[in-house]
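> Would you be able to build a 3D model of this:
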Amino acid sequence: MSRWKEYLSFLDKGPHSVKVLTSNIAPQSPVPKRESVSIHGLNYTLWPFQEKILRGMGPSTLILGLPTGLGKTYLAGAKLMRDSKERPIRVLFLVPSIPLGVQQTIFAKTMLNVNALFVSGEIPPQDRERLNVWNNGFVVTTPQTFYNDNLSVHEESLKEARKLEDPIEYLSSLMDEFPYDVVIADECQRYIGNTDGYSILLAARASGSRILALSATPQLHAPERLRELRKVFDKIKIFSVEDPGIKEHMPERLVVMERIKTPKKLLRVYRALGTLSRSYQFRLRKKYGSGHKRNCTEHGLCKALLAVKLLKFRMVEDGASSVIHYKTWRFKDLKNKRKSLNGESIHQAYTKALNDIFNHKISAATHILRSELYKKAIVYIESVMGAKHLAAVLHKNRTIEDIAVLVGKGDMNMDQQASALIHFKEHAKILVCTSVGEEGLDIPSADLEVWVDPPNNPGKWIQRFGRILRQPGDKKLAKIFALVSMQTHEKRKLLGMKNRVEEIYGFTQRLKTRISKPIPTDQKTMTEYIE
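Prediction:
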């Protein structure tokens, strides 16, 4: 059995299996009549700035831009307790994914002391109907599941409402009673536009239900999105980490730009791919003119240019081994002999670089994980292949219980993703994850991060940034090591993204540059890392 299959088997059958946990949070028996909940106390306390936010909430409020890790879910729980003081309430908690649904259901049970159920699309519609799941007083679910069972009969009306300037007035005379008093919409940046989530918000508001929507993403400030949001919310509160009340509770975060030597053989391939990209660009200008749109995918040559550029970038950002299975290697131009490579083709030169050091980024990441002191660490890497390779290297020197791995659902099903997060929270010291761990999941606190590759956009940066040292009162320094391959585009990309983040999110970050010392490596073969 390969190391990867062994780890998936551990998640499916081990002590952290979400299948075991979901058996306790999914509906088991019918709920004969509509129930409500009262929240009499919280198993946590709010920070002063959270108390201030809570006092300022209206019946329908959007909390926008509150940075990841500063307790949006805790705020939601406190609002529900406030709302249920006068009389019991019915709560619908919307989540974008099953892993997050599992976590939020456990949060409601353990932190709010309520009988919360998790209702997912994996429960067949006929079983949801038989069990009367929507009678439960506190339900965590995905928008699509709730919409299919409760609002699909109003699809035409909701479609028409989304076109109007005042959809609430239009729907209030058409909609039946909404089955929940309060709706919590987590990660609401996913709801804008023609989505089931946005339809639910419109229907809830038109029926008089109260809504609390939560998002850490300030891109919602865009005028067209803000217009859509104002149709639903009577109050939109926008926050910045520079707010004194928030800044006081944020631990100091230091970004260390770790400059690592790019292997000479890999650098030769990187430069050869750059030359090939420029030749494609020259041919494109000659054929279509200098005004031809960037990132065009309509022509064969345009597609080839994008594929070669992606190969070039990912090769150094995630390391040589991360691009082994790219279909781009089939291109004829990558197999033609080149003078700049002493008569070798780009593919031949790449193979030699791979055999020499299969992944210089993994070497640097493992060195940091060995040399730094930390309680828990998160390693971000864009490539699924790179994540698997890094996990395999770490599993060689540690037990399988020590290393959690989280990748996209093409390689892990949603149960396994949720199990991996529980594995990290309960036992593992290191989490290796792709961008699936950057948004929409409640990743437990860590005090060290390694960014194998620079984030591709400000949203990725802020999501990664917010995943460390999230406990109240924990003011010690949190370190982020951003790995940058020397003599490539990576330093420019990292600094440019840092500037964009500061401009959009309105806060500054400490940045320190460090040149990594040569790292001893025994990487001479790739046999056990290739699937």
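> On the three-state scheme, the closest residue to Arg128 other than its chain neighbours is what?
If the residues on either side of it in the chain are set aside, Arg128 comes closest to Asp149, at 6.1 Å by CB to CB, 6 or more residues apart in numbering. C-betas here are computed from N, CA, C, even on glycine. For Asp149, the assignment made with DSSP: H, G, I helix; E, B strand; the rest coil gives helix.
> and Asp149, how many residues sit next to it?
18 (other CB atoms under 10 Å).
> For it, give me its contacts.
By CB atoms under 8 Å, 6 or more residues apart in numbering, Asp149 lies in contact with Pro125, Arg128, Glu129, Trp134.
> gap between the third one and Phe178?
Glu129 is 19 Å from Phe178, where distance means CB to CB, to the nearest Å.
> the more surrounded of the two?
Neighbours were counted for Glu129 and for Phe178 using other CB under 10 Å; Phe178 has more, 19 against 11.
> That one contacts Ser199, doesn't it?
No. Here Phe178 does not reach Ser199: they are 11.7 Å apart, not a contact under CB atoms under 8 Å.
> In the stretch 351-500 of the chain, what residue spans correspond to helices?
360-371, 384-397, 414-426, 458-465, 490-505 (DSSP state H, counting those that start in this stretch).
> Report the buried residues of stretch 201-215.
Judged by neighbour count using 16 or more other CB atoms under 10 Å, the buried positions of stretch 201-215 are 201-207, 209-215.
> Where strands are concerned, which of the residues you listed count?
Arg210, Ile211, Leu212, Ala213, Leu214, Ser215 (DSSP state E).
> so what's His360 up against?
With contact set as CB under 8 Å, 6+ apart, His360 has these partners: Ile260, Lys261, Thr262, Pro263, Leu266, Gly319, Ala320, Ser485.
> Arrange the residues you listed in a markdown table, one row each, with secondary structure, pLDDT and neighbour count as further columns.
Formatted as a markdown table, those follow (DSSP: H, G, I helix; E, B strand; the rest coil; pLDDT from 0 to 100; neighbours: other CB atoms under 10 Å):
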| residue | secondary structure | pLDDT | neighbour count |
| --- | --- | --- | --- |
| Ile260 | strand | 95 | 22 |
| Lys261 | coil | 95 | 16 |
| Thr262 | coil | 95 | 21 |
| Pro263 | coil | 95 | 21 |
| Leu266 | helix | 96 | 24 |
| Gly319 | coil | 94 | 31 |
| Ala320 | helix | 94 | 28 |
| Ser485 | strand | 96 | 24 |
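> Make TSV out of the residues you listed and add distance to Ala272.
Output for the contacts of His360, formatted as TSV (distance: CB to CB, whole Å):
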residue	distance to Ala272
Ile260	21
Lys261	19
Thr262	14
Pro263	14
Leu266	11
Gly319	17
Ala320	14
Ser485	16
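> any idea which of those residues is the one closest to Ile89?
Checking the contacts of His360 against Ile89 by CB to CB gives Gly319 as the nearest, at 51.1 Å.
> Domain map for the chain?
For the chain, the structural domains run 31-245, 253-259+359-529, 264-356, going by automatic domain parsing.
> Out of these, which is closest to Ser2?
Shortest distance between Ser2 and the domains of the chain, using CB to CB, is found for domain 253-259+359-529: 8.3 Å.
> Could you list the buried residues of the strand or helix carrying Arg128?
Using DSSP states H and E, the element containing Arg128 is helix 125-130. By 16+ other CB under 10 Å, the buried positions in helix 125-130 come out as Arg128.
> tell me the average confidence for the next helix or strand after it?
As assigned by DSSP H and E, the chain's next helix or strand after helix 125-130 is strand 138-141. Average pLDDT, strand 138-141: 96.
> and of the buried residues of stretch 201-215, the nearest to Thr73?
The closest of the buried residues of stretch 201-215 to Thr73 turns out to be Leu214 (CB to CB; 7.5 Å).
> Mind listing the residues bridging to the closest one?
Beta-bridge pairing for Leu214 (DSSP bridges): Ile63.
> residue contacts, it?
Leu214 neighbours (CB under 8 Å, 6+ apart): Ile63, Leu66, Lys72, Thr73, Leu75, Ala76, Ile184, Ala185, Asp186, Glu187, Cys188.
> residues making contact with whichever strand or helix holds Lys286?
In the assignment (DSSP H and E), Lys286 maps to helix 264-288. With contacts defined as CB under 8 Å, 6+ apart, helix 264-288 is touched by 262, 292, 299, 301-302, 304-305, 308-309, 311-312, 315-316, 320, 333-334, 338, 340-341, 346, 349-350, 352-353, 356-357, 360, 487-488.
> Name only those of those residues that count as buried.
Using 16+ other CB under 10 Å as the burial test, these include 262, 302, 304-305, 308-309, 311-312, 315-316, 320, 333-334, 338, 341, 346, 349-350, 353, 356-357, 360, 488 as buried.
> what about Met486, how many neighbours?
Per other CB under 10 Å, the neighbour tally for Met486 reads 14.
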